[in-house]
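Colleague: For reference, the sequence and a predicted model appear below.
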Amino acid sequence: MKSEAAVEIAKMDPIDLSALDPIVEPYMGKKEMVIPVLQKVQEHYGYLPRPAMEGVSRLMRIPLSRLYGVATFYAQFKMKPRGRNIIRVCKGTACHIQGSPKIAERIENLLGVQSGETTDDLRFTLEEVACIGACALAPVIVVNDNPHGRLTPDKVESVLDSYE
Amino acid sequence: MYEKHLMICGATGCIASGSQSVEEALIEALEKYKIRDKYRLVMGGCPGFCEVGPIIVVYPDEVFYCRLTPQDMAELVEQHLVGGEIVERLLYKGPDVDAPARFFDTIPFYTKQIFNVLRNSGLIDPEIIDEYIMRGGYSAFTRALDLEPAAICAEVKEAGLRGRGGAGFSTGLKWEFTLQAPGAKKYVVCNADEGDPGAFMDRSILEGDPHAILEGMLICGRAIGADEGYIYCRAEYPLAIKRLKIAIEQAEKYGLLGQNILASNFNFKVNIKEGAGAFVCGEETALLASIEGKRGMPRPRPPFPAQAGLFGKPTTINNVETLANIPLILKIGGVAEFSAIGTEGSKGTKVFALAGKIRNTGLCEVPMGITIKEIIYDVGGGIKGGRAFKAVQAGGPSGGCIPAELLDLPIDYDSLNQAGAIMGSGGLVVMDERTCMVDLARYFLSFTQKESCGKCTPCREGTKRMLEILNRITEGEGKPEDLDTLDSLAHSIKDSSLCGLGQTCPNPVLSTIRYFRDEYEEHINDQYCRSGVCKALFNYRIDQKRCTGCTACSRVCPVTAITGEKKEAHEIIQELCTRCGSCIEKCSQDCILITPVGREADVSS
């Protein structure tokens, strides 16, 4: 697994759970708000660490199994730490027919990771997104929040080079 | 007082093309001339023409500037704003106009459009409620406050509005069911979980005219007797969510949301829920489960949401575009005005997202009943790069493709269904001869297979089996009996799946087999993909007679599989070639050919 290094680092750096109480506090007793709570927890930690999930489970009185059931159902929630830069390759129809598979393949070759994985140096995580709706610029990738459109495979390297 | 208003498109498409840096450069240029306070800059909604973004429209002159860069701003300020002369260089130009076009009415992309749902998009500042009100906003709602709930439902029914999100059910009827359902607590839910890849009309409405959605929800609330609404919006649309939040805050401040609205006994509040990325949540019962904080899985109907919906209460779920139509119907004379447009069974306009291999990518609003040909050639400007039109995919992963021979098909709910496609949310993805229809079917199925929630067996297992077959065909391992197996699987899945996702997901496969059976057979029998998409089923070759030896291809080849001296014909070493397609993108002479594997002869030209 490519993100072993990431898991190691996560182990060395214990999760600081003090942020959890203020996040969950306003939603105590409102079980229907579990998705917004998980969204806020992920916003804080970058992913959903196990200790934080246990904390949410305890505070909201939702069984941990059910919490994982919800979290793993939705594509937005990540269970593993991610890299400093998140590359999301748009997999929309317009992007697909204008060559997004070739873009994805070039990124995979350059970084040596598959979609869903993180590079050993934690520089990049490669993900997919169903559609960002910037179809005029197909094929598009989004790095962090910056869209890069009208890509061709040979432009990919210089785009990635601009992220440290 | 401002001398002019400058509307900068601030929708996602133009932001991705760099409209923010254009705005910064514009401000800098205005400040240089010390005229910043004479001009009002609005990072507003979307004029729809994403292809030529970033766009600035100057009012009241109504001049349409496009394809802007930050470097153009000094000239625009100096020549137009200070000097009073239009900068011709920055106007719309294209093969479809003789001279640079100044504004909407002279740009072919706009001439066949009707702006009803998109009435305010790009015209008002979506973050200021007064601008919406000045354009007649909230007047339909105030009228609805004086009407009996049943009378509101009757007007919507009479207008003939059908749901714009997929199945096309009568909106008025849906409201009536919820009104008649017993219970004191009811809900209005706006489905803004626009998940179809290639569709972005809902996002544009949310970003460009959020108050239209709120007004639609208020009217619905009044009609069905609900006092609370939810907007379920994709988390991938951060700008839409931001603008909705601002709109709700302002409507609350103006007393248009809250208790005793406009001194009536009507109360209404609106909550926003951010989706967390699951396509199946576009299905109404799955969406409700997601709002309740559960896994977004559908449940059998009946009971329908109108009887037992959100938290078990009667609920009406409407799509964004449906709700944006409501104020148009409820205004004075709205019913007649609305139903005057469209066809017998499909009234009003429809917003389409044009994307793919089409020249004018963007959003367009056209009357129902317009033909596909008019949309693609008149509005869309035809196919990019002068290639041949092959098909258009309507309705995303739930829809089907429409081939060239059906170009005269009128776009309405019933004609599309007959052709094997659906209206869906209105995504139209155009394909040319370089799109492989087998790969397209495989692509849609891999999407729905991944998004299948797994609750019912036909969808969970059936999509997996179909995908395996399509994967085999695109890898050159197809068997002659595969087409029959696909057909029988597809019909079983359609007939026995629990929700709309399963019931419609075989459509792309069925319609591509129906219209492009020869392409499937070519993949299976000849191991050849004539479109040059399925990598195992073609080779690139260089036409020795046409190649000028410009070296453009050999320079971009990432595996140095192209050899040849400068100014001499080049050649591709097949053993090294990974068919990445870099060379064919670069060759300006069209001399890279797609040929069957292992055959020297040039078949494709």
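Modeller: Yep, it's here.
Colleague: Would you point out which residue is most central in the chain?
Modeller: Since you didn't name a chain, this refers to chain A. For chain A, the residue nearest the mean C-alpha position is A:K78 (5.5 Å; C-alpha atoms, centre = their mean).
Colleague: Wait, chain B was what I had in mind.
Modeller: Centroid-nearest residue in chain B, with C-alpha atoms, centre = their mean: B:A199, separated by 2.1 Å.
Colleague: surely that residue meets B:G424?
Modeller: Yes - at 7.4 Å, B:A199 and B:G424 qualify as touching, with contact defined as C-beta atoms under 8 Å. C-beta here means a position set from N, CA and C on the backbone, and glycine is covered the same way.
Colleague: what residues are shared contacts of these two?
Modeller: Taking C-beta atoms under 8 Å, 6 or more residues apart in numbering or on different chains as the criterion, B:A199 and B:G424 both touch B:G396.
Colleague: Check the secondary structure at the residue of chain A positioned farthest from its centre for me.
Modeller: Relative to the mean C-alpha coordinate of chain A, counting by C-alpha atoms, centre = their mean, the farthest residue is A:G29 (28.1 Å). Remark: A:G29 carries the secondary structure label coil [criterion: DSSP: H, G, I helix; E, B strand; the rest coil].
Colleague: re the thing from before, show me the residues around the residue nearest to the centre of chain B that make contact.
Modeller: Residues in contact with B:A199 (C-beta under 8 Å, 6+ apart) are A:131, A:133, B:353, B:396, B:424-427.
Colleague: which of the residues you listed sit farthest apart?
Modeller: A:G133 and B:G424 (15.0 Å; C-beta to C-beta).
Colleague: So these two - more neighbours on which side?
Modeller: Between A:G133 and B:G424, counted using other C-beta atoms under 10 Å in any protein chain shown, the more crowded position is A:G133 (33 against 26).
Colleague: now, which of the contacts of B:A199 lie within strands?
Modeller: Using DSSP state E, the members of these that fall in strands are B:353, B:427.
Colleague: Pick out whichever of the contacts of B:A199 sits closest to B:I241.
Modeller: The closest of these, once distances to B:I241 are taken by C-beta to C-beta, is A:G133, at 13.7 Å.
Colleague: burial of the nearest residue to B:T474 once chain neighbours are set aside, as a residue count?
Modeller: Closest residue to B:T474 apart from its sequence neighbours, by C-beta to C-beta, 6 or more residues apart in numbering or on different chains: B:C534 at 4.4 Å. Around B:C534 there are 21 other residues, counting by other C-beta under 10 Å.
Colleague: Pretty sure B:C534 sits against B:Y520.
Modeller: No - judged on C-beta under 8 Å, B:C534 makes no contact with B:Y520 at a distance of 11.4 Å.
Colleague: okay, and the common contacts of those two?
Modeller: With C-beta under 8 Å, 6+ apart as the test, B:C534 and B:Y520 both reach B:V438.
Colleague: And the pLDDT for the residue farthest from the centre of chain A?
Modeller: In this prediction, A:G29 carries a pLDDT score of 90.
Colleague: Do a quick rundown of the helices in chain A.
Modeller: Assigned by DSSP state H, chain A shows helices spanning A:4-12, A:20-24, A:34-45, A:50-60, A:64-73, A:93-97, A:100-111, A:156-161.
Colleague: out of these, nearest to B:I129?
Modeller: Among these, the nearest to B:I129 by C-beta to C-beta is helix A:34-45 (25.5 Å).
Colleague: ok, that closest one near chain B or not?
Modeller: Yes - Helix A:34-45 reaches chain B (C-beta under 8 Å from any C-beta of the partner chain) through A:34-36, A:38-39.
Colleague: top of those residues by neighbour count?
Modeller: A:I35 (25 neighbours).
Colleague: List the residues that contact that one.
Modeller: By C-beta under 8 Å, 6+ apart, the contact set of A:I35 is A:70, A:74, B:273-274, B:276, B:290, B:293.
Colleague: so which of the residues you listed would you say is closest to B:S415?
Modeller: Distance to B:S415 across the contacts of A:I35 (C-beta to C-beta) is lowest for B:S290, with 33.2 Å.
Colleague: List the contacts of that closest one.
Modeller: When contacts are counted by C-beta under 8 Å, 6+ apart, B:S290 is found next to A:35, B:232, B:273, B:275-276, B:278, B:281, B:296.
Colleague: try 7 Å this time
Modeller: A:35, B:275, B:281, B:296 (C-beta atoms under 7 Å, 6 or more residues apart in numbering or on different chains).
Colleague: likewise A:Q98?
Modeller: Taking C-beta under 7 Å, 6+ apart, we find A:Q98 in contact with A:138-139.
Colleague: between the residues of helix A:34-45 next to chain B, which is nearest chain B?
Modeller: Using C-beta to the nearest C-beta, A:V34 comes nearest to chain B of the residues of helix A:34-45 next to chain B, at 4.2 Å.
Colleague: The closest residue to that closest one other than its chain neighbours is in what secondary structure piece?
Modeller: Closest residue in space to A:V34, ignoring its immediate chain neighbours: B:G293 at 4.2 Å, by C-beta to C-beta, 6+ apart. Using DSSP states H and E, B:G293 sits in no helix or strand.
Colleague: what number of residues lie near B:G293?
Modeller: 21.
Colleague: if I look at it, how far off is A:M60?
Modeller: As judged by C-beta to C-beta, to the nearest Å, B:G293 and A:M60 stand 10 Å apart.
Colleague: distance of B:G83 from B:I35?
Modeller: 12 Å.
Colleague: sorry, that was for B:E85
Modeller: According to C-beta to C-beta, B:E85 stands 16 Å off from B:I35.
Colleague: show me what contacts the closest residue to B:I55 other than its chain neighbours?
Modeller: Leaving aside its sequence neighbours, B:I55 sits nearest to B:C9 (C-beta to C-beta, 6+ apart; 4.4 Å). The neighbours of B:C9, taking C-beta under 7 Å, 6+ apart as the test, are B:19, B:46-47, B:53-55, B:122.
Colleague: Tell me the confidence at B:C9?
Modeller: Model confidence at B:C9 (pLDDT) stands at 91.
Colleague: In terms of helices and strands, where is B:G229?
Modeller: In the assignment (DSSP H and E), B:G229 maps to strand B:228-233.
Colleague: Next, the buried residues of that strand.
Modeller: Using 16 or more other C-beta atoms under 10 Å in any protein chain shown as the test for burial, strand B:228-233 gives B:228-233.
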